[in-house]
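Q: task: produce atomic coordinates for the following.
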Amino acid sequence: MKKTITDQEASLLKSSHQIRVRFNEVDSLNIVWHGHYIKYFEDGREAFGREFGLTYLDAKNHGFATPIVKTSLEHQLPLRYGEVATIETTYINSRAAKLMFSYIIKNDQGQTVCTGETTQVFTNFESSNMALNLPDFYKVWKQKHGLLHA
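A: Just a heads-up that it's a prediction; the model follows:
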C-alpha cells in the first residue's frame, strides 16, 4: 500500500535561498521598495523549482504556462541596502490544478521581514486555456514527492 503524506508533512517540502539587497532595490530612505518583495517571492519559487524539479521551463516543455492569479504579502520590518536576506519557500499541497507557495523572508539577524503566499494556475501555452485537471507532468511530480491525494 502506497503511503500518502499528510499536508503537514508536505509543508516540509521547502527551499531556502539567499539574496543580497542591491542598490537599485532601495528607495530614498535606503529601504527596499515594497514592490520588490514580489520579485523576491519569484526568486524563492525559482530556487524551489531548481531544487525539486518543478521549474517554469519544465511546465513550458510540457505545453503549460503557470501565471500567478493571487498574491498576498505582509510587511513587518524593512530590508536595507547590502543586507543578506533569506527567502524560505514552502510548497502548499492542494488537490486542485494549481501551485501554491508560502514565503517567509528573513533579514540577516533572522528576523521575519515579510510573509506571503502566491497561487498559480496551469494554462495551455498555445491557447491560454486554464487546465481544470492536474497536468500529467505535474501529477508525476506530485507522485514522486508523495503528494498525490488518493
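
Q: okay, and residue 74 sits in which element?
A: Taking DSSP states H and E as the definition, residue 74 sits inside strand 68-75.

Q: likewise for residue 46?
A: Per DSSP H and E: helix 36-52 holds residue 46.

Q: report how many residues lie close to residue 69.
A: For residue 69, the number of neighbouring residues by other C-beta atoms under 10 Å comes to 12. Backbone N, C-alpha and C define where each C-beta goes, glycine included.

Q: residue 119 too?
A: By the criterion of other C-beta under 10 Å, residue 119 has 16 neighbours.

Q: now do the contacts for it.
A: Listed by C-beta atoms under 8 Å, 6 or more residues apart in numbering, the contact set of residue 119 reads 68, 69, 70, 71, 98, 99, 100.

Q: pLDDT and distance to residue 146 added to the residues you listed, as JSON lines?
A: Below are the contacts of residue 119 laid out as JSON lines (pLDDT from 0 to 100; distance: C-beta to C-beta, whole Å):
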{"residue": "68", "pLDDT": "97", "distance to residue 146": "26"}
{"residue": "69", "pLDDT": "97", "distance to residue 146": "26"}
{"residue": "70", "pLDDT": "98", "distance to residue 146": "26"}
{"residue": "71", "pLDDT": "98", "distance to residue 146": "28"}
{"residue": "98", "pLDDT": "97", "distance to residue 146": "19"}
{"residue": "99", "pLDDT": "97", "distance to residue 146": "17"}
{"residue": "100", "pLDDT": "98", "distance to residue 146": "17"}
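
Q: of those - the most surrounded one?
A: residue 99 (21 neighbours).

Q: so what's that one bridging to?
A: Bridge pairing for residue 99 (DSSP bridges) gives the partners residue 120.

Q: how close does it sit to residue 90?
A: Computed as C-beta to C-beta, to the nearest Å, the residue 99 to residue 90 distance reads 12 Å.
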